[in-house]
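Asker: need a structure here:
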Amino acid sequence: MGRAPTVEDVARRAGVSRQTVSNVLNSPDIVRPATRERVAAAIEELGYRTHAAARMLRTQRSSTIGIHLDPYVGGVSGVVLDRFVHALAERASDRGMRILVYAARTPEEEVARLTEITDGGEIDAAVLTGTFRGDPRTSFLVSRRLPFVAFGRPWDDGVEPSHPWVDVDGAAGTRQATEHALTHGDRVAFLGWPEGSGTGDDRERGWREAMTAASATGPRWWSIDDVAAAREAAAAGVHDVDAVVCASDSLAIGALLAAASAGRGNLPIIGFDNTPAAEALGLSSVEQRPEKVAGAVLRLLMGPDGRHVLPASSDRQRATKLVTPELVIRAR
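Answerer: The predicted model follows:
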């Protein structure tokens, strides 16, 4: 075509009027599904992008999704959220949306920052990460009726979710890891975080389920998410197990160092997150597939073919998606 495609180009390709294309972009609920699909296909074929500023003037929408950027703390496992934010930005751009990244050191600071940017009309929606029991951010956004999706489950026991969420099925990942570890022997240890972490408890559950199904036994070791602490936690027991399944790659590297010191450098050890560090060391690990999570988040926010954020509504509150992770086996 030699130039950027226009609304008129899309209308001609779809065999509809310019107004119909505008309706699909800005008020899709008033357009028949078959017509929406035809226009969406034309948009995809032509690579049409709406002009964000013009769209905001017409619709009073910012075409922007806000997401919190976690403080940099170093370590091994932070790369998963980095990949998620990168994938979210790419996929949002494909849908004509932008990402606004904001910083906050505590949940309370994040609520204050969200108040500022929602009051200022800077975002149409938000994506939360790092959910936890009693999370104040979710109740705040529900009260504001701002559309949002959480990357992470609401971990409060016995409470019905009040918002849509997407999460990685951690128990399924450690179940796969444990089943593979059991091919090396029936005494498989689990090295995880202290009890009380929703994510950590979920990953421990997968190990327990696989061990029970195999009528196998193995010790449960505790450590904070730190390589040195994990090495110390595993040091006393690595001589007496057939394999170790870990709640993170940081813990797996600590277990690897403990095994090497004990003269068991070939002990099968499986991590969780599939970070570059695990790959470099030849460690097997569970891949969270954050790119798939990002796609699922946007589908809940915008619908399968949506071009703008769907309004917050009670019928979407229980929309959820669990992404099954993938075990990556490496031979050391």
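Asker: Only C-alpha atoms from now on, for both contacts and neighbour counts.
Answerer: Will do.
Asker: mind listing the helices in the stretch 151-300 of the chain by residue range?
Answerer: Remark: helices assigned in the stretch 151-300 of the chain by DSSP state H, counting those that start in this stretch are 170-181, 198-213, 227-235, 249-261, 276-281, 290-302.
Asker: out of the ones you listed, nearest to Phe132?
Answerer: helix 198-213 (6.8 Å; C-alpha to C-alpha).
Asker: which helices and strands sit right next to the closest one?
Answerer: helix 170-181, strand 188-192 (3 or more C-alpha pairs under 8 Å, 6 or more residues apart in numbering; DSSP states H and E).
Asker: Please compute how far the first one lies from its chain's middle.
Answerer: Averaged C-alpha coordinates place helix 170-181 at 19 Å from its chain's average position (C-alpha atoms, centre = their mean, to the nearest Å).
Asker: next SSE after the helix or strand of the chain with the lowest mean pLDDT?
Answerer: Within the chain, confidence by mean pLDDT, DSSP states H and E is lowest for helix 52-59 among all helices and strands, at a mean of 46. Using DSSP states H and E, the helix or strand that follows helix 52-59 in sequence is strand 64-69.
Asker: Who are the packing partners of that following strand?
Answerer: For strand 64-69, the packing partners by 3+ C-alpha pairs under 8 Å, 6+ apart are strand 98-103, strand 125-129.
Asker: can I get the helices of the stretch 151-300 of the chain in JSON lines with mean neighbour count and mean pLDDT?
Answerer: Output for the helices of the stretch 151-300 of the chain, formatted as JSON lines (neighbours: other C-alpha atoms under 10 Å; pLDDT from 0 to 100):
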{"stretch": "helix 170-181", "mean neighbour count": "24", "mean pLDDT": "98"}
{"stretch": "helix 198-213", "mean neighbour count": "19", "mean pLDDT": "96"}
{"stretch": "helix 227-235", "mean neighbour count": "21", "mean pLDDT": "97"}
{"stretch": "helix 249-261", "mean neighbour count": "25", "mean pLDDT": "97"}
{"stretch": "helix 276-281", "mean neighbour count": "15", "mean pLDDT": "94"}
{"stretch": "helix 290-302", "mean neighbour count": "21", "mean pLDDT": "93"}
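Asker: how about low-confidence regions in the stretch 101-250 of the chain?
Answerer: Within the stretch 101-250 of the chain, the stretches with pLDDT under 70 are 157-161.
Asker: So Asn23 lies in a helix, does it not?
Answerer: Yes: assessed with DSSP: H, G, I helix; E, B strand; the rest coil, Asn23 lies in a helix.
Asker: That one is in contact with Val31, isn't it?
Answerer: Yes: if you go by C-alpha atoms under 8 Å, Asn23 and Val31 touch, sitting 6.9 Å apart.
Asker: From the opening residue of stretch 48-65 to its closing one, how far?
Answerer: 20 Å (C-alpha to C-alpha, to the nearest Å).
Asker: Going by neighbour count, which residues of stretch 8-28 are buried?
Answerer: Residues of stretch 8-28 classed as buried by neighbour count (16 or more other C-alpha atoms under 10 Å): 9-11, 13-14, 18, 20-21, 24-26, 28.
Asker: For Ala260, state which of those is nearest.
Answerer: Using C-alpha to C-alpha, these come closest to Ala260 at Leu25, 58.5 Å.
Asker: now that closest one: how far from Gly185?
Answerer: On the measure of C-alpha to C-alpha, Leu25 and Gly185 end up 57 Å apart.
Asker: Serialize the helices and strands packed on helix 198-213 to CSV and add fields for distance to Leu301.
Answerer: Conversion of those to CSV gives the following (distance: least, C-alpha to C-alpha, whole Å):
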stretch, distance to Leu301
helix 170-181, 23
strand 188-192, 33
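Asker: nearest to Ser63, of these?
Answerer: Between the helices and strands packed on helix 198-213, helix 170-181 lies closest to Ser63; by C-alpha to C-alpha that is 32.3 Å.
Asker: between that closest one and strand 188-192, how many degrees?
Answerer: If you take axes from the mean of the first three to the mean of the last three C-alpha atoms, to 10 degrees, helix 170-181 sits at 150 degrees to strand 188-192.
Asker: closest one to Ile329 among the helices of the stretch 151-300 of the chain?
Answerer: That would be helix 170-181 among the helices of the stretch 151-300 of the chain, by C-alpha to C-alpha, at 9.0 Å.
Asker: Including mean neighbour count and distance to Leu281, could the helices and strands packed on strand 64-69 go into TSV?
Answerer: Shown next, in TSV, are these (neighbours: other C-alpha atoms under 10 Å; distance: least, C-alpha to C-alpha, whole Å):
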stretch	mean neighbour count	distance to Leu281
strand 98-103	16	32
strand 125-129	22	28
